[in-house]
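Visitor: predicted model and sequence below, questions to follow.
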Amino acid sequence: KAGVTQTPRYLIKTRGQQVTLSCSPISGHRSVSWYQQTPGQGLQFLFEYFSETQRNKGNFPGRFSGRQFSNSRSEMNVSTLELGDSALYLCASSLVGPNTEAFFGQGTRLTVV
Amino acid sequence: TQLLEQSPQFLSIQEGENLTVYCNSSSVFSSLQWYRQEPGEGPVLLVTVVTGGEVKKLKRLTFQFGDARKDSSLHITAAQPGDTGLYLCAGARVGNQFYFGTGTSLTVIP
């Protein structure tokens, strides 16, 4: 069974540009969550999607957005990139229900220069 | 404010030593997960504990869930260099909301 796949693995962007990251969840997993990880802040929750709807949202500015498709694949977009957006972006998929577990992809390393 | 606090934040020990990492919260969780993460990679799920007081063993790793389901501990016996990494605990709540701890960076020196 394939794991969570994130593409691309690495990205270098210039300040002011926008970027789209992709996440394909484990087959059968309909919940997809996104996290930002930086050395100083640890793992910060961005948002969670289920059945193409955003159910939970973390405390990030509106420049961070996401969506989920009917096949459960998800994308997140960051517009008007800032230097502080440089981070490892992680996607996790999970089943819905009690005692569920989150399975992570390898992440996308975004560097903003 | 972090919902889950881990301690210690950093740990550097010699190969063969034992160690314990703590994950504490004032909130109740339906389950709690432990992950290990290596630099530049995503966290890998080690174990999930569900029942208050539950103890799970994974080779040299022992995980315990507090009776009140608010805290957990990870004990490693005879640490090896391959145990080096960032250990994260995560509490799960209804609605697929996962709350991650602050992380414990472990270095095992050969």
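Guide: All right, it came through fine.

Visitor: so which residues on chain A come close to chain B?
Guide: Contact residues, chain A versus chain B (CB under 8 Å from any CB of the partner chain): A:4, A:6, A:31, A:33, A:35, A:42-43, A:45, A:48, A:50, A:55-56, A:88, A:90, A:92, A:94, A:96, A:98-107, A:109. (C-beta placed from N, C-alpha, C; glycine too.)

Visitor: now, of the residues you listed, which are buried?
Guide: A:4, A:6, A:31, A:33, A:35, A:42-43, A:45, A:48, A:50, A:56, A:88, A:90, A:92, A:94, A:100-107, A:109 (16 or more other CB atoms under 10 Å in any protein chain shown).

Visitor: from residue A:22, how far off is residue B:28?
Guide: Residue B:28 sits 35 Å away from residue A:22 when distances are taken as CB to CB, to the nearest Å.

Visitor: next: residue A:3.
Guide: On the measure of CB to CB, residue A:3 and residue A:22 end up 15 Å apart.

Visitor: leaving out sequence neighbours, find the closest residue to the residue in chain B positioned nearest to chain A.
Guide: Across chain B, no residue is closer to chain A than residue B:42, which sits at 3.6 Å (CB to the nearest CB). Distances taken as CB to CB, 6 or more residues apart in numbering or on different chains place residue A:104 nearest to residue B:42, at 3.6 Å, with adjacent residues excluded.

Visitor: ok, the one you found touching residue A:89?
Guide: No. Assessed by CB atoms under 8 Å, residue A:104 is found out of contact with residue A:89, at 11.0 Å.

Visitor: ok now do residue A:88, which residues does it touch?
Guide: By CB atoms under 8 Å, 6 or more residues apart in numbering or on different chains, residue A:88 lies in contact with A:36-38, A:107-110, B:40.

Visitor: which of these has the most neighbours?
Guide: When neighbours are counted by other CB atoms under 10 Å in any protein chain shown, residue A:107 leads these with 24 neighbours.

Visitor: quick one on the thing from earlier: and the residue of chain B closest to chain A, how many neighbours does it have?
Guide: When neighbours are defined as other CB under 10 Å, residue B:42 has 23 of them.

Visitor: surely it is in contact with residue A:108?
Guide: No. At 9.9 Å, residue B:42 and residue A:108 do not qualify as touching, with contact defined as CB under 8 Å.

Visitor: which residues of chain B lie near chain A?
Guide: Taking CB under 8 Å from any CB as the contact definition, chain B meets chain A at B:2, B:30-31, B:33, B:35, B:40-45, B:48, B:50, B:88, B:90, B:92, B:94-100, B:102-103.

Visitor: narrow those to those in strands?
Guide: B:31, B:33, B:35, B:44-45, B:48, B:88, B:90, B:92, B:97-100 (DSSP state E).

Visitor: now for these: which two are most distant?
Guide: Within these, two members stand farthest from each other by CB to CB: B:44 and B:97, at 20.7 Å.

Visitor: for the residue of chain A most remote from its centre, what are its contacts?
Guide: In chain A, residue A:98 marks the outermost C-alpha relative to the chain mean, sitting 22.5 Å out by CA atoms, centre = their mean. Taking CB under 8 Å, 6+ apart, we find residue A:98 in contact with B:30-31, B:94.
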